[in-house]
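# after the sequence you'll find the predicted model.
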Amino acid sequence: MEFLYVVIGLVLVFDFINGFHDSANSIATIVSTKVLSPLTAVIFAAFFNFLAYLIFNLKVATTIGKGIVNPDVINLNVVAAALFAAITWNLLTWWWGFPSSSSHTLVGGLVGAAIAKAGFDSVIYSGVLKIALFIFIAPFLGMVVSFAINAVLLFLFKNKPPSKVNKIFRRLQLFSAAAFSIGHGGNDAQKSMGIIWVALIVTNRVQATDPIAEWIVLSCYSAIALGTLFGGWRIVKTMGQRITKLKPFEGFCAETSGSLTLFMATHFGIPVSTTHTITGAIIGVGAHKGVSAVKWGVTTKIFWAWILTIPVSALIAAVMYFVLKFLV
C-alpha cells in the first residue's frame, strides 16, 4: 500500500513537471509579442489550465488507462518505471531547451516497462500507432490551420495601418492564449489521471468500470497548473524567439490554431502533444512570411527530439523496471 502512495506522488510530480515543461507552449507567443510580462503570463496560463476542469470529459484519461498496453500486465512497478522515464526525459529536454512532448514520453515509458515485464505482445499497437501518428499530424494540423488563419486575417486587415492591427491583436491574443491554455490543461492533465486510475485498479482499490474519482481529477489539474505557474523559461526562448519572430497578430494566429487542434483531439480522446501542436502553428505563421523566416536549423533539432522521445523513454523505463523488480 505504501508503494501505491509513492506512485501517486510520482504521478503528481510528473504532472507538475509537465506543466513546468509545457508552460512555454502556453505563454511563449504571448510573452514574445510582449502582450503580457512573463510573470503575468504564467499566472494567466495556470488559471486557464485549471479551468479546463469545468469543460472537458475524460476521454483522454481513458485512452491512457486502457489503450496503450494490455491492462493485465500493468502493476505498480510498470507504472513507476514509466513515470521515472517520463520525468527523466522531461527534465533532460527542459535542461537542453528542447520542447519535447510530455505525452509521448509517458507513452514511451509505459510501452518500455510493459515490454520489460511481459514481452512485445503486451503492447496495444493500434493505440500506440494512433498516438505516434499524431507526432506528425498534430504539428501539421497546427501549421496548416495557422497558415490559413494568417492568410484570411491578412486579407481582412490589408487596408488597416499596422499600428491599429497591432493594437487590436494585442487584445485578441489574450483570448487565443486563454483558449490554448485551456486546451493544454484539458489534454495533458488527463494523462496523469489515467495513470493514477490504473494504479488504483491494479491494487484493487477501484474497479475498471468505476468513474475516475473527483480527487484524482482535481489533484491532476492542480498539479499541472502549479507547474505552469513556475514556468520553463529555457523553452520559452526556443518557442518564442528561435523558431521565428512573432508579432501579436501572428501570435493570435498560432494560438488560435493550436487551441482548435487541442480541443478537437481532446474531444475525440486522443492524447496529443501540446508542444508539437504549437510548434507547428508557429512554423505555419513564420512560413507565411517566407521560408527564410523560419529558422530551420532549430526546427530540425526539435523534430529529432520528438522522434527520439518514445524510443528513449521506452529504453529508460525498461531498465528502470528491472531495477525496481530487484528493489521492491
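Nice, thanks for sending it over. These numbers were taken from a predicted model, which means no experiment stands behind them.
# run through the helices of the stretch 151-300 of the chain in chain order.
162-202, 214-230, 233-237, 248-267, 274-288, 296-327 (DSSP state H, counting those that start in this stretch).
# winner for burial among those?
helix 274-288 (a mean of 28; mean count of other Cβ atoms under 10 Å). Any C-beta I mention is one placed from the backbone N, CA and C, and that applies to glycine too.
# please report phi then psi for residue 123.
phi -90, psi 140 (degrees, to the nearest 10).
# coming back round to it: among the helices of the stretch 151-300 of the chain, which is nearest residue 84?
Evaluated over these, closeness to residue 84 peaks at helix 296-327, with 4.7 Å, by Cβ to Cβ.
# summarise which helices and strands the closest one is packed against.
Other elements packing on helix 296-327 under the criterion 3 or more Cβ pairs under 8 Å, 6 or more residues apart in numbering; DSSP states H and E are helix 76-96, helix 102-118, helix 125-156, helix 274-288.
# and residue 247, which of those is closest to it?
helix 274-288 (9.2 Å).
# contacting residues for residue 149?
253, 256-257 (Cβ atoms under 8 Å, 6 or more residues apart in numbering).
# right, and residue 115 touches residue 121 too?
No. Look at residue 115 against residue 121 with Cβ atoms under 8 Å: they stay out of range, at 9.1 Å.
# quick one: which of these two has more around it?
residue 115 (20 against 10; other Cβ atoms under 10 Å).
# how much space between the more buried one and residue 133?
The gap separating residue 115 from residue 133 is 20 Å, by Cβ to Cβ, to the nearest Å.
# how about residue 260?
With the distance defined as Cβ to Cβ, residue 260 ends up 19 Å from residue 133.
# please apply the same query to residue 30.
Residue 30 sits at a distance of 30 Å from residue 133 (criterion: Cβ to Cβ).
# now swap in residue 105 and tell me
17 Å.
# looking at these two, which one has more neighbours?
residue 105 (31 against 11).
# show me the contacts for residue 213.
residue 206.
# poorly predicted segments of the protein, please.
1, 22-26, 28, 61, 64-66, 97-99, 231-245, 289-302, 328 (pLDDT under 70).
# before we move on, back to that, select, out of the helices of the stretch 151-300 of the chain, the one closest to residue 51.
By Cβ to Cβ (comparing all of the helices of the stretch 151-300 of the chain), the closest turns out to be helix 162-202, at 5.9 Å.
# from the chain's centroid, how far away is that closest one?
Centre-to-centre, helix 162-202 and its host chain are 9 Å apart (Cα atoms, centre = their mean, to the nearest Å).
# export stretch 309-318 to PDB, keeping only CA atoms.
The C-alpha trace of stretch 309-318 is given here as PDB (Å, rounded to 0.1, in the frame of the first residue of the first chain):
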ATOM      1  CA  THR A 309      11.100  10.700 -27.200                       C
ATOM      2  CA  ILE A 310       9.100   7.500 -27.400                       C
ATOM      3  CA  PRO A 311      12.100   5.000 -28.000                       C
ATOM      4  CA  VAL A 312      14.400   6.700 -25.500                       C
ATOM      5  CA  SER A 313      11.700   6.900 -22.800                       C
ATOM      6  CA  ALA A 314      10.900   3.200 -23.500                       C
ATOM      7  CA  LEU A 315      14.500   2.200 -23.000                       C
ATOM      8  CA  ILE A 316      14.800   4.200 -19.800                       C
ATOM      9  CA  ALA A 317      11.600   2.600 -18.500                       C
ATOM     10  CA  ALA A 318      12.700  -0.900 -19.400                       C
END
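# need the residues that contact that stretch.
81-82, 84-86, 88-89, 93, 100-101, 104-113, 115-116, 132.
# just stretch 154-169 next, same as before
Stretch 154-169 is touched from outside by 247-249, 251-252, 288, with contacts defined as Cβ under 8 Å, 6+ apart.
# which residues touch residue 147?
284-285, 287-288.
# let's see it at 10 Å
Listed by Cβ atoms under 10 Å, 6 or more residues apart in numbering, the contact partners of residue 147 are 253, 257, 280-281, 283-288.
# would CSV of those with distance to residue 56 be doable?
Shown next, in CSV, are these (distance: Cβ to Cβ, whole Å):
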residue, distance to residue 56
253, 24
257, 19
280, 22
281, 20
283, 26
284, 25
285, 26
286, 30
287, 30
288, 31
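# hmm, residue 145 and residue 281 touching each other?
Yes. Counting by Cβ atoms under 10 Å, residue 145 is a contact partner of residue 281 at 7.1 Å.
# which neighbours do the two have in common?
Common neighbours of residue 281 and residue 145 (Cβ under 10 Å, 6+ apart) are 253-254, 256-261.
# ok, back up a step: please enumerate the shared neighbours of residue 115 and residue 121.
residue 73.
# thanks a lot, see you next time.
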